[in-house]
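1. generate a structure from the sequence data that follows.
(2 chains)
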Amino acid sequence: MDPALPPIPRPALDASALERARRVARVELSRPRQTWRRNALLMIGGAAAVTAVALAITFALGGWVPHAGSQLAAVGLLLGVQLTGGYAAIAPRARTSRLAAVALAFGAVAAMLLLRGAGTPSATPQWVCTVSHLGLAILPLGLLLVLMRNAAPNPSRALVGGLSVGTVGAVLGEVACGQGWRHVALYHLPAWVVVMALAWLGARVITPRSYAP
Amino acid sequence: MGPPTDEALMELFCTGDERAFDALFERRAPDVQAFLRRMVRDPALADDLLQVTFLSVVRSRDRFQPGAQFAPWLFSIAANAARDALRRRGRTSGHEPLLDEQVAAEPMPQSDPALAKQLNLALDALPVNQREVVVMHHVLGWTFEDMATALHSTSGALRIRAHRGMLRLREALGHLREDD
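-> The predicted model follows:
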């Protein structure tokens, strides 16, 4: 302690508060527990399920628009982001997965923009892509926020979770939209950024069930 | 043979031994309570946070990494809970002074109640990140190396934070000293 300062007093022990905390914890022990592995699987499975349903509907309605070779590369990278980002948002100590998700996202964006070319014009208003992108994110975003309550609030976790959730709409955009790279830059990518921002904001607002790192 | 380490108890707890949890609680809860009471200076909120901290241990025991130290993990939970509670109250850069009767209920370090009261108020006025380091180091006796694990920082950065916190405390108490 600084000799110029008096010692900072240690607060008096409150045995009744300690006992209350112990009782509450004991009650919790008797409840079924959610492991982070189960939650990570739920997150990844939930996003994958929404993606699969959206793709199935698109194919069933004949909405698939085959375009340049970008499609397969971009969809592959986007699914990689979905998987690693979903895992990194939930798992403890997932620094490597977080970095991998971000790296894959950069790769996916590059593929979406650089390999797509000028595209073909469409009669559909351009904002439909943005709205669809955001609409498809609603369910997985809700799931992400619910599952993120099981750990301490962490902005980078939330952002990487938003990256993962945003891929649902991005995958559909790659499959169902044949417009050029400018359209992708102006109407697809901003929606993805909005989803990330919503995940970050949501994570600040939700009350965690656990503050474990 | 000595008593089991925290880590051995945590390992037992993770395999379902609830007595191990009781032993960990017995051993560590008083320090967590002291930390939280010093951090938020609101006994009711500190008690809520104490409950939340141990609820988090129970709920998230699978997030504890085997081989890691238990106490830094536990205090990272307590610090996260305190920071979040203070952020929600908009009190991250200091908060309203306690009522006189609350201050009077605090244990006085010296025979000088004015100095003790001023010290408490000065501690309250510290930014949260300085307060937690000052409390952990100067009240609970943690080393900077152990704190670095708990607070996800480096010991060097924490030394600087503690130094800045102590400078602020000294400045806040300076006029009282000069009055002597």
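2. for residue A:207, which non-adjacent residue is spatially closest?
-> In space, and not counting its chain neighbours, residue A:207 is closest to residue A:149: 7.1 Å by C-beta to C-beta, 6 or more residues apart in numbering or on different chains. For glycine as for every other residue, the C-beta is placed from the backbone atoms N, C-alpha and C.
3. next up, the contacts around whichever residue of chain B sits closest to chain A.
-> Across chain B, no residue is closer to chain A than residue B:60, which sits at 3.4 Å (C-beta to the nearest C-beta). Going by C-beta atoms under 8 Å, 6 or more residues apart in numbering or on different chains, residue B:60 touches A:36, A:150-151, A:210, A:212, B:77.
4. re earlier: how many residues are close by the residue nearest to residue A:207?
-> Neighbours of residue A:149 under the rule other C-beta atoms under 10 Å in any protein chain shown: 14.
5. tell me the pLDDT at it?
-> Here, the pLDDT recorded for residue A:149 equals 95.
6. that one contacts residue A:211, correct?
-> No: using C-beta atoms under 8 Å, residue A:149 is not in contact with residue A:211; the gap is 10.4 Å.
7. quick one: the helices in the chain?
-> Because you didn't say which chain, this covers chain A. Ranges of helices in chain A, per DSSP state H, are A:15-29, A:36-60, A:70-90, A:95-114, A:127-148, A:155-176, A:181-183, A:189-205.
8. looking at chain B here, not the other one
-> For chain B, applying DSSP H gives helices covering B:6-14, B:18-40, B:43-59, B:70-88, B:100-105, B:113-125, B:128-134, B:144-150, B:155-179.
9. among those, which gets the worst mean confidence?
-> Looking at those, the weakest mean confidence is helix B:100-105, a mean of 46.
10. hmm, back to that, ok, now which ones touch the residue nearest to residue A:207?
-> With C-beta under 8 Å, 6+ apart, residue A:149 has these contacts: A:206-210.
11. list, one by one, the residues from chain A near chain B.
-> A:1-2, A:4-14, A:17-18, A:20-22, A:24-26, A:28-29, A:33-37, A:92-93, A:150-153, A:208-213 (C-beta under 8 Å from any C-beta of the partner chain).
12. would you format the helices of chain A as TSV with mean neighbour count included?
-> TSV is the format used below for those (neighbours: other C-beta atoms under 10 Å in any protein chain shown):
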stretch	mean neighbour count
helix A:15-29	15
helix A:36-60	17
helix A:70-90	24
helix A:95-114	18
helix A:127-148	20
helix A:155-176	26
helix A:181-183	17
helix A:189-205	18
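13. quick one, which of those is nearest to residue B:65?
-> Each of these has some distance to residue B:65 by C-beta to C-beta; the shortest is helix A:36-60, at 11.5 Å.
14. so what does that closest one touch, helix or strand wise?
-> When contacts are defined as 3 or more C-beta pairs under 8 Å, 6 or more residues apart in numbering or on different chains; DSSP states H and E, helix A:36-60 packs onto helix A:70-90, helix A:127-148, helix A:155-176.
15. list of residues touching that helix?
-> Contact with helix A:36-60 is made by A:63-64, A:79, A:82-83, A:86-87, A:89-92, A:136, A:139-140, A:143-144, A:147, A:150-151, A:161, A:164-165, A:167-168, A:171-172, A:175-176, B:60, B:62-63, as judged by C-beta under 8 Å, 6+ apart.
16. my guess is residue B:39 contacts residue B:134, does it?
-> No: using C-beta under 8 Å, residue B:39 is not in contact with residue B:134; the gap is 10.1 Å.
17. who has more neighbours out of these two?
-> Using other C-beta under 10 Å as the criterion, residue B:39 and residue B:134 rank with residue B:39 on top: 26 against 21.
18. distance of that one relative to residue B:145?
-> Distance, residue B:39 to residue B:145, using C-beta to C-beta, to the nearest Å: 21 Å.
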